[in-house]
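Colleague: I need the structure of the sequence given here:
(one chain, ligands or ions: 1)
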Amino acid sequence: MTKTALITGITGQDGYYLSKLLLDKGYRVVGLVPPGRLGSVSKLDELADQVDICPVALTSADELIEAVYSLQPTEIYNLAAPSFVPASWEDPLGTLDLITGTATRLLKATRQLGLSTRFYQASSSEIFGEVLSSPQTAQTPFRPKNPYGAAKLHAHWTMVHHRDRYGLFACSGILFNHESPRRPPRFVTRKISLAAAAIKLGMRDRMSIGNLDAKRDWGFAGDHVEAMWRMLQADKAEDYVIGTGVLHTVRDLVSAAFDCVDLDWQKYVEVDSTLVRADEHFQLVADPTKAKENLKWQPQVSFEKLIDTLVTSDLRRLEAGKISPTGAAS
Ligand code: GDD
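Modeller: As a prediction, the model looks like this:
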């Protein structure tokens, strides 16, 4: 029988890679998209015609119950969320409602309908926040430092409560940073790859950046969505930390991107103190041992390969006039 996967946040970066993976495996893929955002389905490019789209207000418990009931999905992937961390300071309550509200409503719908549907909750390394030890595992204490991390933690606990109390097959993937050419350019990887490509092509002459010493565990989004799927195929519902286990600084990232286009980054990059985030002295880096052992999951794309892919993609898209040097689609 054909398996049905229901995805919220299908039009985002992870939604694209997850849809591709599931379609390749023969799933019927259904995206729950708010009626006001149906235009964003075109972001799925060649996949837009291969998935089904169900217009649903994620803020409506009734609409979600109806959608889950009529679709009877084998698996639900709850990816929908505002994802740019600094923006959560502007609207903490809206962030909480979008992240926690959607997770809670979807979990309740799954429980009330008594389905055996397996549930994936997109969690984030931001729930670790001000860590006392590195690397992090699913046992590391959670100390989020911003409204985004706090909302993701609330959604995580809500999922755990549903699993413990009602026996749902539900799990959280605590994902560290994962990137691709589909990342919007406000995130640091695409910001840098786009700037390096645009400067190389003479379309820009410099780039402003925040903290060059900030460190992250950057992996490839295509690798990380594979872990989401594997979590739902396991015998037991458990939470997993998903990341490469390798830390790099933003300086490493800038240097690697400008190396790709044979430019000396120090001539083009300037620090803008307004872009430096407060309280970022901690090191968020995954210990993916459990995912490697239980799920046989292993990241395939190295940091160097990832950056090369981003820069090459931005060079091509700029040359073809598909994006502007500052990133807007044109
Ligand atoms: N965006 C941005 N712009 N980040 C900068 C800049 C800059 O000019 N300069 C330095 N950084 C640093 C940030 O301070 C942070 O330490 C790091 O680069 C990565 O920032 P982002 O790319 O914006 O991602 P993030 O780490 O805040 O969050 C992403 O990863 C999380 C973990 O998977 C997002 O995808 C979150 O939604 C996700 O949960």
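
Colleague: can you show me the helices along this structure?
Modeller: Under the criterion DSSP state H, the chain contains helices at 13-24, 61-71, 92-96, 102-112, 147-166, 188-200, 221-233, 250-260, 289-295, 303-319.

Colleague: mean pLDDT, distance to the ligand and mean neighbour count added to those helices, as CSV?
Modeller: (C-beta placed from N, C-alpha, C; glycine too.) CSV is the format used below for the helices of the chain (pLDDT from 0 to 100; distance: least, Cβ to the nearest ligand atom, whole Å; neighbours: other Cβ atoms under 10 Å):
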stretch, mean pLDDT, distance to the ligand, mean neighbour count
helix 13-24, 98, 8, 21
helix 61-71, 95, 22, 17
helix 92-96, 96, 11, 16
helix 102-112, 94, 14, 22
helix 147-166, 97, 7, 20
helix 188-200, 98, 4, 25
helix 221-233, 98, 8, 21
helix 250-260, 98, 5, 21
helix 289-295, 98, 15, 16
helix 303-319, 98, 12, 19
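
Colleague: state the distance from His178 to His281.
Modeller: According to Cβ to Cβ, to the nearest Å, His178 stands 23 Å off from His281.

Colleague: do Trp229 as well
Modeller: 35 Å.

Colleague: measure the residue nearest to Leu306 when sequence neighbours are not counted to Phe303 for me?
Modeller: Leaving out its chain neighbours, the residue that sits closest to Leu306 by Cβ to Cβ, 6 or more residues apart in numbering is Phe220, at 5.2 Å. For Phe220, the distance to Phe303 equals 9 Å [Cβ to Cβ].

Colleague: with Asp239 instead?
Modeller: Asp239 is 25 Å from Phe303, by Cβ to Cβ.

Colleague: circling back: neighbour count: His178 and His281, which is higher?
Modeller: His178 (26 against 10; other Cβ atoms under 10 Å).

Colleague: can you read off the pLDDT for the more buried one?
Modeller: We have a pLDDT of 98 for His178.

Colleague: for the residue nearest to Leu306, give the beta-bridge partners.
Modeller: Glu179 (DSSP bridges).

Colleague: and it, how many neighbours?
Modeller: Using other Cβ under 10 Å, Phe220 is surrounded by 22 other residues.

Colleague: go on, Asp235?
Modeller: Around Asp235 there are 6 residues (other Cβ under 10 Å).

Colleague: distance of it from Val160?
Modeller: 18 Å.

Colleague: swap in Pro185?
Modeller: 35 Å.

Colleague: same check, this time on Ala109
Modeller: 18 Å.

Colleague: and the pLDDT for Phe282?
Modeller: As predicted, Phe282 sits at a pLDDT of 83.

Colleague: for it, give its distance to Gly149.
Modeller: 11 Å.

Colleague: identify the contacts common to the two.
Modeller: Gly129 (Cβ atoms under 8 Å, 6 or more residues apart in numbering).

Colleague: right, is stretch 74-82 up against the ligand?
Modeller: No - in terms of Cβ under 6 Å from any ligand atom, no part of stretch 74-82 sits within range of the ligand; the closest distance is 7.0 Å.

Colleague: and that stretch, average pLDDT?
Modeller: On average, stretch 74-82 scores 97.

Colleague: for Leu47, give its distance to Ile76.
Modeller: As judged by Cβ to Cβ, Leu47 and Ile76 stand 19 Å apart.

Colleague: ok, those two, which is more surrounded?
Modeller: Ile76 (26 against 18).

Colleague: correct me if wrong: Thr312 contacts Ala257.
Modeller: No - under the criterion of Cβ atoms under 8 Å, Thr312 is not in contact with Ala257, lying 10.6 Å apart.

Colleague: so what's in contact with these two at the same time?
Modeller: Joint contacts of Thr312 and Ala257 (Cβ under 8 Å, 6+ apart) do not exist.

Colleague: tell me the contacts of the residue in the stretch 151-300 of the chain positioned nearest to the ligand?
Modeller: Closest to the ligand within the stretch 151-300 of the chain is Gly210: 2.8 Å, counting by Cβ to the nearest ligand atom. For Gly210, the contact set (Cβ under 8 Å, 6+ apart) comprises 188, 250, 271-272, 275-277.

Colleague: can you check Leu79 too?
Modeller: The contact partners of Leu79, taken as Cβ under 8 Å, 6+ apart, are 7-10, 12, 14-15, 18, 122.

Colleague: Ala278 too?
Modeller: Per Cβ under 8 Å, 6+ apart, neighbours of Ala278: none.
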